[in-house]
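Asks: Need coordinates for the following:
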Amino acid sequence: MRAARSPQALRRLERRLLSHYARSEQWAALDSLVRALPQPNPAAFERLSLALLHAYRAAGQPADVQRVRAALLHWRGGNPDLQQRVAYFDVTGRLGQLAPGQRPAPADSTTLVTVAGSGTSFAPVACSTLRYYYPQLQCGVTPLLPKAARAQTLAATRPQQLQALHLRALPNPANETVRLEVSEPAPADSHLELLELATGRVVLTTTMPLHERALQLDVRTLPPGVYAARLLTGSQLKATTKLVIVR
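Replies: Take a look at the predicted model:
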C-alpha cells in the first residue's frame, strides 16, 4: 500500500499544479479539478479557488468569477478568514476601475476598514490598501470602530489635504518602464514601493536617492493590473499614486 503524503508534500504538489495550469492558462482544467476537492481536501479547494477567482477576473470572465465565488462561500463560508478575503476580493474588483486620484465608494471604504480591523490574515493587506487612499488613517492598531465612527473617520481623512508631497507616474498606464516623479526632493531614508491592489502584496521596493525628484522603474516582469506607487520615509507614508500596468 502506498504511504499517505505528508501535508508539506501535498502543498508542494498543489503549488506545482497551480504553476503548470498558470503557465498553460488551462484554467478550465484546473476548475474541473477544484470541483472535486471540497470534501476530500477543503484547504486545497479554498486556496485553488482563490487562485481561480483572480485568474478569471484577469481573463475578463465575470460569470466564472461569480460561479467560483458562490461555490467557495457555499463550502467554506463558515471560515471567517475566507469571508474577509472574499470581501477584499470584491472591493478590489471595483477599485481597479477607479480613475487616478478617485477614492473608493463609501461602502467599499467601510468594507476595507472592516477587513483591516478583523484580525484575520488579510487584515494587514486591507490596511495597506486603505492607507493608499487615506494615507493618515490608522488601521490594524486600534480595535474596530463602530460603523458611525468609521464613516466620520473616512470622511475627515482626505489624502489631498494630508499629503505634503505628491507623486506622479508617467506614462500611466505603463507597459515596460515608468517614471515616478515627486513634487519635492525626497527626504533622507526614503524608498518607493509598488503595492498590487488585487492581492495587497508589495511587489517592488527600491531606495529613492537623497534629494532626487524622479526614479525610473522597469515593470516588464510585473503582471498587468492596478498598483499603488508609494513613497515612504522610514515607515511613514509620504505620498501615493495609482499606477496601471498593461500588456
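Asks: Let me see the ranges of the helices in this protein.
Replies: 7-24, 27-35, 42-58, 62-76, 80-95, 106-116, 123-133, 147-156, 159-162 (DSSP state H).
Asks: Would you tell me which of these gets closest to residue 207?
Replies: Set against residue 207 and scored by C-beta to C-beta, the helices of the chain come closest in helix 123-133, at 19.6 Å. To be clear about C-beta, it is placed using only N, CA and C from the backbone, and glycine gets the same treatment.
Asks: for that closest one, packing partners?
Replies: Contact here means 3 or more C-beta pairs under 8 Å, 6 or more residues apart in numbering; DSSP states H and E; on that basis helix 123-133 packs against helix 80-95, helix 106-116, strand 190-196, strand 225-233, strand 236-245.
Asks: buried ones in it?
Replies: 123, 125-133 (16 or more other C-beta atoms under 10 Å).
Asks: Stretch 226-239 too?
Replies: Buried residues in stretch 226-239, counted by 16+ other C-beta under 10 Å: 226-233, 237-239.
Asks: just stretch 51-60 next, same as before
Replies: 51-57.
Asks: what does stretch 61-75 give?
Replies: By 16+ other C-beta under 10 Å, the buried positions in stretch 61-75 come out as 64-65, 68-69, 71-72, 75.
Asks: and that stretch, how far from the chain's centre?
Replies: Its chain's C-alpha centre and that of stretch 61-75 lie 19 Å apart, by C-alpha atoms, centre = their mean, to the nearest Å.
Asks: Check stretch 197-214 too.
Replies: Relative to the chain's own centre, stretch 197-214 is displaced by 15 Å; criterion: C-alpha atoms, centre = their mean.
Asks: Just the buried positions in it, please.
Replies: Taking 16+ other C-beta under 10 Å as the criterion, stretch 197-214 shows 197-200, 204, 208 as buried.
Asks: Of all pairs in the buried residues of stretch 51-60, which one spans the longest distance?
Replies: 51 and 57, at 11.0 Å, using C-beta to C-beta across these.
Asks: Are there residues contacting both of the two? Which ones?
Replies: By C-beta atoms under 8 Å, 6 or more residues apart in numbering, residue 51 and residue 57 have no common neighbours.
Asks: Other residues contacting stretch 195-203?
Replies: 54, 57, 88-89, 92, 95-96, 122, 124-126, 128-129, 132, 193-194, 222-223, 225-228, 230.
Asks: same deal with stretch 84-104?
Replies: With C-beta under 8 Å, 6+ apart, stretch 84-104 has contacts from 50, 53-54, 57, 69, 72-73, 105, 108-109, 111-112, 114-115, 118, 120-123, 125-126, 129, 133-134, 159, 172, 197-198, 200, 225-226, 241-242.
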